[in-house]
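Enquirer: pasting the sequence and the predicted coordinates here, then a few questions.
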Amino acid sequence: MDHYLETFNPPQREAVEYCEGPSLVIAGAGSGKTRVLTYKIAYLMEQGYQPWSILALTFTNKAAGEMKDRIAKIVGVDYARMLWMGTFHSIFLRILRQEHERIGFSANFTIYDAADSKSLVKSIIKEMELDDKTYKPGTVLGVISNAKNQLVTAEQYVANPANRQADARHNMTMMGQIFLRYCSRCRQSDAMDFDDILLYTYRLFEQHPDVLEKWEQRFRYVLVDEYQDTNFAQHRIVWQLTKNHRHVCVVGDDAQSIYSFRGANIDNILTFQKIYEGARLFKLERNYRSTQNIVEAANSLIKKNSHQIQKDIFSENDRGEKLHVMDTHSDIEEAKMVVNAIRATKRREGCEYSDFAVLYRTNAQSRVFEDTMRKEAIPYRIYGGLSFYQRKEIKDVIAYFRLAVNPNDEEAFKRVINYPARGIGQTTVSKILQTATAHEVSLWTVISSPEQYELGVNKGTLTKIEAFREMIASFVENVQTMAANQIGTMIVKQSGIIADIYQDKTPENLSRQENVEELVNGIQDFCDMRMEEGNENISLNDYLSEVSLMSDVDSDKGSDEPKVTLMTIHSAKGLEFGTVFVVGLEEGLFPSDMVSGNPREMEEERRLFYVAITRAKTHCYLSYAQCRFRYGQMEFSAPSRFLKDIDPKYLDRQQSMFSTRRSMEDDVQLPWQRKEGLRPFRPTMPSIKPIPAARPASITSSINPINPIPSGHTSSLSVGTHILHNRFGRGEVLRLEGTGDNTKATVQFENVGTKQLLLKFAKFEVID
């Protein structure tokens, strides 16, 4: 064991060897946290602790498995197998099964997953004859989950006047009764949900001191990984198990606390030394991953947060290059510049595509990068999620589009006939399918003439089918006369998809909302670009033809070729890459406009940016777009305030494109406020949101609809003229041809290549 200790730096070794009392190990990014935790467990065993007397709590099974494998190599597989190591839920579930009689459950009680819990809540709302538009199942479950994670039972919830007042403000006066009934039904079913595992463990220890004493004596030493991610319940259970013997070591980094939306409470790690008096603090401040410039830039950023444990992370690696700030004109140009930088770095350094990662704040941002990488033949993978066009909500919308173009499409028909739910169950769908098969016609033909084909369903079901048929028929009729962007928006609204995904503000639904909005943005973008290429009538079928090429993502699923990783920053925590691109660094996007005015949440957004930067080993690019489609509209954005938080000496600003480009230091201005002569533009498509969200005035403004350009305006263009296009950025006119409304310009753009534009619809300004 001494051999391993000698490989540690002094703070790491001290953290491993100190076992006398409570200790807090603050492990900065890239500082060898997992290695320290792993060897501390092995060291404890060498000091006489039996493996079954050590409790190690993690947040993922993967982390527990990797640590156990490492320990097995040191102490042997048999010893490692006897460790109590796993996630909070898996370990506490083992305890509850052993102590089931004390909490009134059988030994084989069931665990309800999220779908089970939602189904039960829906049933209760229906039984109580409550409006599920007011008592949205997702919202109700969120209230119940939050209460349980604060160790509040249903009875305590109902007894608290503050809860009743809050429920009344949200027009949910029966919330407490639903909570009571939900818990009662779980009991009757001999079932727990995931939150119950923590709640019942806490109550077991609280109400049965002899049981607590038994497990206290069993676990002579408790270690917790990623302590900054613990919620209130997890923190309190750890305290119950360790408050007497105080043999506890928690490891984490407050600067990487980014999961408050899951209930994580950063105060647990910030106040650890107050709760455990005399606790030793060990700081692992040496970063082994990144260059000095990357580490020092990240330090200068995170120092802007006021609530933190002070530390000074350093690197002894090479100084390295500065962080590159890419000021791009649009999200299209941003994606193309990222691809260009990947190609240039790969060619220069001979690295693999797997050495690159593109990190973004929201899942929806992947679309532009996916589309661009496909067109540029750059292999990529979506980490921890699905490709944009494979996400359920996107496939649902696309299925409606397909039906509008071809109502005989069986797969699209089956996918959406009862989504959103309209009371047409699987039994009815099977009857329609059987009837269609028997008569050798399409499903659409059957529901268009149900009597003729003797579809055996009752009158109520027939009414529901007819309502669906009428809706699709209206789409079919309008698809002949409306442009893709117009009919697309109409379908998204009238199909009921928007009403369904805007039911509540759970993280899952917010992501779905952003994805559908991004799909609508993509349709608008598609139409705009086709118009500029000279196509005035862009149909929904044209768009579907394009998307079908984009959505064929399964063909290379088994391929082992190296791929660029696309992922949200939340998914990137704990990973590292040679080159990292942090994209979409704009006010309202990152930081998200949802945290505006909330200092605590703004600090978490800054920590999220810190996590993104510290994933990079050698190269880090930070990019923002001056304009992008958001909420179905073209928006002008300010660069993220976080870019100003980084000491400028660590940044290389790539702003050589043209001198009039708005810089990070400028106030937000619309282009025509900066310079005369820009023709204003805005998509004609309205927002798809049921209720438009309030947007900061400093970020967005009204922009006039597109107007065809008078043919006389083209006289200001000549070969060699430099223009600024709203999507493609700066370019130089290479060739002009045609006259009047048919005038076309061939333009060489700095980052997106050569494009031919029909000037009648082109959106640009002359810049010299």
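Expert: Structure's in. What do you need?

Enquirer: going forward, measure contacts between C-alpha atoms and count neighbours the same way
Expert: OK.

Enquirer: next one: the helix ranked longest in the chain to chain centre, how far?
Expert: Under DSSP state H, the helix in the chain containing the largest number of residues is helix 507-532. Helix 507-532 has its average C-alpha position 16 Å from the chain's average C-alpha position, going by C-alpha atoms, centre = their mean, to the nearest Å.

Enquirer: mind listing what's buried in it?
Expert: Within helix 507-532, the residues that count as buried by 16 or more other C-alpha atoms under 10 Å are 509, 511-532.

Enquirer: same check on stretch 759-766?
Expert: In stretch 759-766, residues buried by neighbour count (16+ other C-alpha under 10 Å) are Leu759, Lys760, Phe761, Ala762, Lys763, Phe764, Glu765, Val766.

Enquirer: show me what the longest helix of the chain is packed up against.
Expert: Counting contacts by 3 or more C-alpha pairs under 8 Å, 6 or more residues apart in numbering; DSSP states H and E, helix 507-532 is packed against helix 392-405, helix 484-494, helix 497-501, strand 616-630, strand 753-758.

Enquirer: could those go into CSV alongside distance to Thr746 and mean pLDDT?
Expert: Output for these, formatted as CSV (distance: least, C-alpha to C-alpha, whole Å; pLDDT from 0 to 100):
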stretch, distance to Thr746, mean pLDDT
helix 392-405, 33, 92
helix 484-494, 26, 91
helix 497-501, 40, 87
strand 616-630, 23, 92
strand 753-758, 4, 85
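
Enquirer: ok so, going back, can you give me the mean pLDDT across the longest helix of the chain?
Expert: In this model, helix 507-532 carries a mean pLDDT of 86.

Enquirer: give me the next element, helix or strand, following it.
Expert: Proceeding N to C from helix 507-532, the next assigned helix or strand is helix 540-550, under DSSP states H and E.

Enquirer: what's that following helix in contact with?
Expert: Counting by C-alpha atoms under 8 Å, 6 or more residues apart in numbering, helix 540-550 makes contact with 371, 374, 389, 398, 401-402, 405, 479, 483-485, 487-488, 523, 526, all of which sit outside it.

Enquirer: pull out the buried members of the residues you listed.
Expert: Buried residues within those, counting neighbours by 16+ other C-alpha under 10 Å: 371, 389, 398, 401-402, 405, 479, 483-485, 487-488, 523, 526.

Enquirer: for those, which two are the farthest from each other?
Expert: When the buried ones among the contacts of helix 540-550 are compared pair by pair using C-alpha to C-alpha, the farthest-apart members prove to be Asp371 and Val479, with a separation of 24.8 Å.

Enquirer: which pLDDT does the model give Ile691?
Expert: As summarised for this prediction, Ile691 has a pLDDT of 35.

Enquirer: also the one 3 residues further on?
Expert: Among the per-residue scores, Ala694 holds a pLDDT of 33.

Enquirer: repeat that for the one 4 residues further on.
Expert: Ser698 carries a pLDDT score of 29 in this model.

Enquirer: next, the buried residues of stretch 472-491.
Expert: Counting neighbours by 16+ other C-alpha under 10 Å, one finds that the buried residues in stretch 472-491 are 472-473, 475-476, 478-479, 482-491.

Enquirer: return the alpha-carbon coordinates of it using CSV.
Expert: Provided in CSV are the C-alpha atoms of stretch 472-491 (Å, rounded to 0.1, in the frame of the first residue of the first chain):
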residue,chain,number,x,y,z
ILE,A,472,-56.2,15.7,-40.5
ALA,A,473,-58.4,16.5,-43.5
SER,A,474,-58.0,20.2,-42.7
PHE,A,475,-54.2,19.8,-42.7
VAL,A,476,-54.4,17.9,-46.0
GLU,A,477,-56.5,20.7,-47.5
ASN,A,478,-54.2,23.5,-46.3
VAL,A,479,-51.0,21.7,-47.2
GLN,A,480,-51.8,22.4,-50.9
THR,A,481,-51.9,26.2,-50.4
MET,A,482,-49.7,27.0,-47.4
ALA,A,483,-45.9,27.3,-47.3
ALA,A,484,-44.1,24.7,-45.1
ASN,A,485,-43.5,27.1,-42.3
GLN,A,486,-47.2,28.2,-42.1
ILE,A,487,-48.7,24.7,-42.3
GLY,A,488,-46.1,23.4,-40.0
THR,A,489,-46.9,25.9,-37.3
MET,A,490,-50.6,25.3,-37.8
ILE,A,491,-50.2,21.6,-37.3
